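>>> predicted model, plus sequence, below.
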Protein chains: 2
Amino acid sequence: MVEVTISVEGMSCGHCKAAVEGALSKLDGVAKAEVNLAAKNVTVQYENGKVTEDALKNEIEEAGYDVV
Amino acid sequence: MVEVTISVEGMSCGHCKAAVEGALSKLDGVAKAEVNLAAKNVTVQYENGKVTEDALKNEIEEAGYDVV
């Protein structure tokens, strides 16, 4: 299991938190996704080989937020 | 039909806009509810007698936002 923290712009409220966590959690290989609104980031635990950091970032962008 | 604009704190994104508009629109007597995020308010058209301004404000508070 790998853990990565990705900086994300544009998450402003609990709905945004849920949207990003939900989008990441539905990816096969993602075990946990937790947004920290104050820190403007999301920490993701995932199985290396099943999903890549690039795939996580794409998913965040597709949910409507900017990876920085 | 009556139109009122109510100032609301805490609406930060499109999800918040949809949450407030959805909560108000489901009230019987509300014809239209439109949030302006930049102006921090919601403009509501409603049938007088069917619903009151107080009921609109209660609904906004119940959705988790502060009427100011």
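The structure has been received and is ready for your questions.

>>> only C-alpha atoms from now on, for both contacts and neighbour counts.
Will do.

>>> A:Leu56 reaches A:Leu24, doesn't it?
Yes. Using Cα atoms under 8 Å, A:Leu56 is in contact with A:Leu24, at 6.6 Å.

>>> who has more neighbours, these two?
More crowded of A:Leu56 and A:Leu24, by other Cα atoms under 10 Å in any protein chain shown: A:Leu24, with 26 against 21.

>>> how about the secondary structure of the more buried one?
Of the three states, A:Leu24 takes helix according to DSSP: H, G, I helix; E, B strand; the rest coil.

>>> how close does it get to A:Cys13?
A:Leu24 sits 17 Å away from A:Cys13, going by Cα to Cα, to the nearest Å.

>>> now do A:Val35
Distance from A:Val35 to A:Cys13, by Cα to Cα: 11 Å.

>>> which one's more surrounded, the two?
Taking neighbours as other Cα under 10 Å, A:Val35 and A:Cys13 compare with A:Val35 leading, 23 against 17.

>>> I'd say that one and A:Val42 touch.
Yes. A:Val35 lies in contact with A:Val42 (Cα under 8 Å); the separation is 4.2 Å.

>>> which neighbours do those two have in common?
A:Glu21 (Cα atoms under 8 Å, 6 or more residues apart in numbering or on different chains).

>>> can you name the residues of chain A that neighbour chain B?
Residues of chain A found near chain B (Cα under 8 Å from any Cα of the partner chain) are A:Ser12, A:Cys13, A:His15, A:Cys16.

>>> among the residues you listed, which pair sits farthest apart?
Farthest apart among the residues of chain A next to chain B by Cα to Cα are A:Ser12 and A:His15. That separation is 8.1 Å.
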